[in-house]
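Q: mind looking at a prediction? Sequence and model below.
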Amino acid sequence: MGVQVSNLLQRYAEIEDELASRGIDPLIAEKEEIKKIIKDSMLKNGVNKTFDEVSNYEAVMQSRSSDAWDLENLKKILTGSQLERYTMMYPNIAAIEEGIKNGDLSRSKLEEEGAVFKTPGTPALYIRKRKE
């Protein structure tokens with residue numbers, strides 16, 4: 001990679017230590033800027049995970065997604081009373097999530113029938129101390 005991610009991870013770890021002891025706003029701003037540079041570099045170079053042996057910190061990219069609900073497919077699956085509880089002109093996501101939570105609805109069946117699917121989101125960067 002063009003950017004020395006290892007050096008940036010070391011500095012990130014130093015900032016975390018300093019914040020833990022003093023909590024200073026400029027360090028927080030620098031930490032976020034470092035995180036942005038690392039993320040941009042990793043995205044540009046197609047790298048999903050890297051680490052620094054000195055600080056024992058790693059940078060890990062994770063794809064995020066969100067649910068997208070298909071009302072027509074929901075209509076095919078749900079009973080009349082479920083349709084009233086869980087839909088309007090669009091799926092009532094909070095109610096559906098509660099229905100999944102309480103067992104009235106099956107997440108796997110909803111996915112299987114195409115009523116819900118994942119839509120890609122923006123990649124998220126997590127920087128943390130490596131697990132031993």
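A: Perfect, I can see it now. Worth saying up front: this structure is predicted, and the values here are computed from it rather than measured.

Q: alpha carbons only for contacts and neighbour counts from here, please
A: Fine.

Q: strands along this structure, start to end?
A: For the chain, applying DSSP state E gives strands covering 49-52, 57-62, 65-69, 116-120, 124-129.

Q: other SSEs contacting the shortest one?
A: Just to be clear, that refers to strand 49-52. Secondary-structure packing of strand 49-52 (3 or more C-alpha pairs under 8 Å, 6 or more residues apart in numbering; DSSP states H and E): helix 5-21, strand 57-62.

Q: in the last one, which residues are buried?
A: Applying a neighbour-count criterion of 16 or more other C-alpha atoms under 10 Å, one finds 57-61 buried in strand 57-62.

Q: hang on, the earlier thing: using CSV, lay out the strands of the chain together with distance to Q10 and mean pLDDT.
A: Shown next, in CSV, are the strands of the chain (distance: least, C-alpha to C-alpha, whole Å; pLDDT from 0 to 100):
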stretch, distance to Q10, mean pLDDT
strand 49-52, 7, 92
strand 57-62, 7, 93
strand 65-69, 30, 91
strand 116-120, 31, 91
strand 124-129, 11, 86
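
Q: out of those strands, which is closest to A29?
A: strand 124-129 (15.3 Å; C-alpha to C-alpha).

Q: what residues does that closest one touch?
A: For strand 124-129, contacts defined as C-alpha atoms under 8 Å, 6 or more residues apart in numbering pick out 35, 39, 56-64.

Q: need the pLDDT of the nearest residue to S41 once chain neighbours are set aside.
A: Closest residue to S41 in three dimensions, ignoring its sequence neighbours and counting by C-alpha to C-alpha, 6 or more residues apart in numbering: V3, at 6.6 Å. We have a pLDDT of 77 for V3.

Q: next one: K44
A: pLDDT, read off for K44, is 94.

Q: this completes my enquiry, with thanks.
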